[in-house]
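Peer 1: Need a 3D model of the sequence below.
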Amino acid sequence: MKQISKILFAIFLSTAVGCSSSEDNNGGQQPAGGPSVTAVTVVETRATSADVQAQVTDAGDTPVTVRGFVYGTSPLPNLNDFATENGAGTGTFSATLDGLQPNTTYYVRAYAINIDAATGNERISYSGDRQFQTTAAPALPTVNTLQVTDIKQISAKASGQLVNAGGSSINELGICFVEDTGSNPTPTINNWKVTAAETAGTFIVTLKGLTNNAHWIMPGKVYRYRAYAINQEGNVGYGETLEFTNNTAFTMAGPNCTDGSGNTYPTVILADKVWMARNLKTNVFIENSQAVTAGETNISWNTAQPRRCTPGSTFTQLEYGNLYNAYAAFSPLKLLPQQDALNVSQWRIPNRSDWEELIYYLGGTSIAGKAMKLSSNWNDGTNSNNSSGFSAISAGYRNNSGSYNLSNNTLSVGEFTAFWVNNPTVATFVELNRNSSSATINSIQSTTTSAANSLRFGFSVRCVRDNE
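Peer 2: As a prediction, this is how the structure comes out:
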């Protein structure tokens, strides 16, 4: 009757867990005074893992210090095989056995340990063997990697094509990529990736600046990439790994642009954007050709109305452009070029993101200023080389009361310049200084200068547009 009861109990366990498993109770082991451990229940099996459960029904004559499972591909595994630790004491415990091979037979036993009070030695009890088989390896999605197109300074378009979803619906398609510094790396979704909007068919994504601009496609570098597909089961399929070199020039001359006063400016293409390569000097808005009022005197300058001026009486508008307060720079009447030689009119005052991208592209805050500054115009030529072609000129600035910035008792021309950052609420600007190679984004707001008064400062303006 006892043997029949054991057989019926084993059948009940096998039926309850709904998976292929069996137990050989001859594998059980319980030393005198050791814990009592029930047979293992295999709750669920997968291709590379399994969930198991057991119970310590009696601690023996001392408390259980460790309990867990041992498993392997041979019968009667022990603590010299793969093992888990799942707490202490009596009661039910469970674990997930990871790192298994698909479609493989495994054996698992529960164990519990207490300490012999007389000898101090461990007493290890094992349950009987439980045999189970992992499921077959999941079907992976199939995807093709296609050639990149439209390689620009900091971007490229990459494509892929879903061939087969792997027996499930697709959750995500995209391209993963990595810079190749000589080791021929194989990209995965744990590297850089761009997710496509599509979940079927052919897709195309733009490889460009991702988190904190850290993953740009930069000129002169080699990249390896491949398409990927993730189905609803979480299985990832990859296409063939391809590579490309970004041979785009680091800096390129763009089409000239013209402002509302008829002044023409050279432009330079940096980080896939077209930047004016000279300071704006227009005297009119492009909407209705309305004039921007000159504020050459301190009284006429200190106002919450649009104003412009030249950077000091001894410097010409032709060479240095105008300084504009925020009310002029951000006016809805638009202090912008009308168009350029390509008839593109989507110019704007650069926002913080525009400046951050430029600074990053030119090597970061600590050295970008050197690449931006026209070397012949600054008092310290060692911190300027204009390698970018941006040609920043030292036009100084004007404060909210109308005074021009002074440095060592001289006008700040040759010493300093500031460009407006599009922020209509508080004066924000990019600062370049003669004694530094840096380019920093700063704001003016303190106990002595309110946000409103900061908008009366006068800075230079450079306009930008996307390089479409």
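Peer 1: which residues of the stretch 101-250 of the chain score low on pLDDT?
Peer 2: The model of the stretch 101-250 of the chain has pLDDT under 70 over residues 209-215.
Peer 1: where exactly do the strands run in it?
Peer 2: Secondary structure of the stretch 101-250 of the chain (DSSP state E, counting those that start in this stretch): strands located at 105-115, 122-126, 129-133, 142-145, 156-164, 170-179, 192-195, 202-207, 222-231, 236-238, 242-245.
Peer 1: CSV for those strands, including mean neighbour count?
Peer 2: Yep, even glycine has a C-beta here, placed from its N, CA and C like the rest. Output for these, formatted as CSV (neighbours: other Cβ atoms under 10 Å):
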stretch, mean neighbour count
strand 105-115, 24
strand 122-126, 20
strand 129-133, 21
strand 142-145, 18
strand 156-164, 20
strand 170-179, 22
strand 192-195, 18
strand 202-207, 19
strand 222-231, 23
strand 236-238, 19
strand 242-245, 16
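Peer 1: Residue 295: which of these is closest?
Peer 2: strand 202-207 (43.5 Å; Cβ to Cβ).
Peer 1: Can you name every helix or strand that that closest one contacts?
Peer 2: strand 156-164, strand 170-179, strand 192-195 (3 or more Cβ pairs under 8 Å, 6 or more residues apart in numbering; DSSP states H and E).
Peer 1: Nearest approach to residue 370 belongs to which of the strands of the stretch 101-250 of the chain?
Peer 2: Ranking these by proximity to residue 370 (Cβ to Cβ) places strand 170-179 first, at 24.5 Å.
Peer 1: Show residues contacting that closest one.
Peer 2: Applying Cβ atoms under 8 Å, 6 or more residues apart in numbering, the external contacts of strand 170-179 come out as 141, 143, 145, 158-160, 162, 185, 187-189, 191-196, 198-200, 203, 205, 207, 221-232, 238.
Peer 1: so what strands line up beside that strand?
Peer 2: strand 192-195 (antiparallel), strand 222-231 (antiparallel) (DSSP bridges).
Peer 1: Now tabulate the strands of the stretch 101-250 of the chain in a markdown table and tack on distance to residue 450.
Peer 2: Shown next, in a markdown table, are these (distance: least, Cβ to Cβ, whole Å):
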| stretch | distance to residue 450 |
| --- | --- |
| strand 105-115 | 72 |
| strand 122-126 | 74 |
| strand 129-133 | 73 |
| strand 142-145 | 56 |
| strand 156-164 | 46 |
| strand 170-179 | 46 |
| strand 192-195 | 43 |
| strand 202-207 | 42 |
| strand 222-231 | 48 |
| strand 236-238 | 55 |
| strand 242-245 | 52 |
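Peer 1: which one of those lies closest to residue 39?
Peer 2: The nearest among the strands of the stretch 101-250 of the chain, by Cβ to Cβ, is strand 129-133 at 6.3 Å.
Peer 1: Only alpha carbons, please: show the closest one as PDB.
Peer 2: The C-alpha trace of strand 129-133 is given here as PDB (Å, rounded to 0.1, in the frame of the first residue of the first chain):
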ATOM      1  CA  ASP A 129      16.100  12.700  -8.400                       C
ATOM      2  CA  ARG A 130      13.600  14.600 -10.500                       C
ATOM      3  CA  GLN A 131      14.200  14.300 -14.200                       C
ATOM      4  CA  PHE A 132      13.000  16.900 -16.700                       C
ATOM      5  CA  GLN A 133      13.700  18.000 -20.300                       C
END
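Peer 1: hmm, back to that, for the strands paired with strand 170-179, which one sits closest to residue 468?
Peer 2: With Cβ to Cβ as the measure, strand 192-195 is the member of those nearest residue 468 (19.5 Å).
Peer 1: what does the closest one rub up against?
Peer 2: For strand 192-195, contacts defined as Cβ under 8 Å, 6+ apart pick out 158, 172-178, 205-208, 210, 215, 228.
Peer 1: count of neighbours near residue 258?
Peer 2: 15 (other Cβ atoms under 10 Å).
Peer 1: Residue 454 now?
Peer 2: Residue 454: 22 surrounding residues under other Cβ under 10 Å.
Peer 1: Tell me which stretches of the protein form helices.
Peer 2: Taking DSSP state H as the criterion, the chain carries its helices at 2-17, 298-301, 317-320, 326-329, 352-361, 365-372, 451-454.
Peer 1: So what touches the second one?
Peer 2: This points to helix 298-301. When contacts are defined by Cβ under 8 Å, 6+ apart, helix 298-301 is touched by residues 293, 294, 295, 307, 309, 325, 398, 401, 402, 403, 456, 458.
Peer 1: ok, now with 6 Å
Peer 2: 295, 307, 402 (Cβ atoms under 6 Å, 6 or more residues apart in numbering).
Peer 1: how about the strands paired with strand 170-179, which one is nearest residue 109?
Peer 2: Closest of those to residue 109 is strand 222-231, at 35.2 Å (criterion: Cβ to Cβ).
Peer 1: Show residues contacting that closest one.
Peer 2: If you take Cβ under 6 Å, 6+ apart as the criterion, strand 222-231 is touched by 141, 143, 145, 158, 160, 162, 165-166, 168, 170-180, 187, 189, 236-239, 241, 243-245.
Peer 1: just the angle between it and strand 202-207, please?
Peer 2: Strand 222-231 and strand 202-207 are oriented at 130 degrees to each other (axes from the mean of the first three to the mean of the last three Cα atoms, to 10 degrees).
Peer 1: quick one: strand 222-231 to chain centroid distance?
Peer 2: On the basis of Cα atoms, centre = their mean, to the nearest Å, strand 222-231 sits 16 Å off its chain's mean C-alpha point.
Peer 1: same check, this time on stretch 349-359
Peer 2: Taking mean C-alpha positions (Cα atoms, centre = their mean), stretch 349-359 and its chain are 18 Å apart.
Peer 1: between the strands paired with strand 170-179, which one is nearest to residue 35?
Peer 2: Evaluated over the strands paired with strand 170-179, closeness to residue 35 peaks at strand 222-231, with 44.0 Å, by Cβ to Cβ.
Peer 1: Can I get that closest one in CSV, CA atoms only?
Peer 2: The C-alpha trace of strand 222-231 is given here as CSV (Å, rounded to 0.1, in the frame of the first residue of the first chain):
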residue,chain,number,x,y,z
VAL,A,222,34.4,53.2,-39.5
TYR,A,223,31.2,51.6,-38.3
ARG,A,224,29.8,48.1,-38.3
TYR,A,225,26.1,47.6,-38.3
ARG,A,226,23.4,45.0,-38.8
ALA,A,227,19.6,44.8,-38.8
TYR,A,228,17.8,43.1,-35.8
ALA,A,229,14.3,41.9,-35.1
ILE,A,230,12.7,41.1,-31.7
ASN,A,231,9.6,39.0,-31.6
